[in-house]
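okay, predicted coordinates and the sequence, questions at the end:
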Amino acid sequence: MEAQETIRARGHPLILGTHQTTFEVTAEDHVTINGNCIIGIAADKGCLGLSPAFKAVLAHDEAVLVSRLDCGGVVAEIHSRGSSQMMLNHPADIVWRRSAFVCGRTIGILSDAVALTLPRDLIANLVLGNEMTVTLTATRPGSVSKS
């Protein structure tokens, strides 16, 4: 089973991308220097806005999430896991975590990248306020339906 979502967000001059355990995209239209995990603002959706089909695929312990961040021609691909504990119900925020912690903002756990390890060219483009496209592909083993 596979489902895909696309999120559009933009950068901001105060984006730092220095958090050591997470990164976040938010529908909020501002960021402060304390929000060092935030890499994109003014997103067109938070976890709550993700499609029911996407949530159904991701909310399983065997689910895999591939997140493709594209800003100014710089692309980063992050691999994470889903979880049966995911609620995916936060109206504004989407958070990827290195840990296995899950809350309503969590879209990926056990992620192989965090804000601090994202390409610095990507962060530089976001600091300029450029648009970022986030393509999410969730997959999980399941029975193949036969026509």
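Received, thanks. Numbers count the residues shown, from 1 in each chain.

quick one: the helices in this protein, in order.
52-58, 120-127 (DSSP state H).

quick one: residues contacting Arg140.
Arg140 makes contacts with Met1, Val57, Leu58, His60, Glu62, Ala63, Val64, Gly82, as judged by C-beta atoms under 8 Å, 6 or more residues apart in numbering. C-betas here are computed from N, CA, C, even on glycine.

that one and Asn34: what is the separation?
Relative to Asn34, Arg140 is positioned 35 Å away (criterion: C-beta to C-beta, to the nearest Å).

same check on Met86?
Taking C-beta to C-beta as the measure, Met86 falls 26 Å from Asn34.

where are the low-confidence patches of the chain?
Low-confidence segments of the chain (pLDDT under 70): 143-147.

for it, what spans make up the strands?
Taking DSSP state E as the criterion, the chain carries its strands at 2-10, 22-26, 38-40, 64-71, 74-81, 93-97, 106-108, 131-139.

dump the ones you listed into a markdown table; add mean neighbour count and distance to Cys47 as well.
Listed next are the strands of the chain as a markdown table, based on neighbours: other C-beta atoms under 10 Å; distance: least, C-beta to C-beta, whole Å:
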| stretch | mean neighbour count | distance to Cys47 |
| --- | --- | --- |
| strand 2-10 | 17 | 10 |
| strand 22-26 | 25 | 10 |
| strand 38-40 | 28 | 14 |
| strand 64-71 | 20 | 12 |
| strand 74-81 | 18 | 14 |
| strand 93-97 | 25 | 5 |
| strand 106-108 | 29 | 6 |
| strand 131-139 | 19 | 11 |
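
out of those, which comes closest to Ala53?
Nearest to Ala53 among these is strand 2-10 (4.9 Å), distances taken as C-beta to C-beta.
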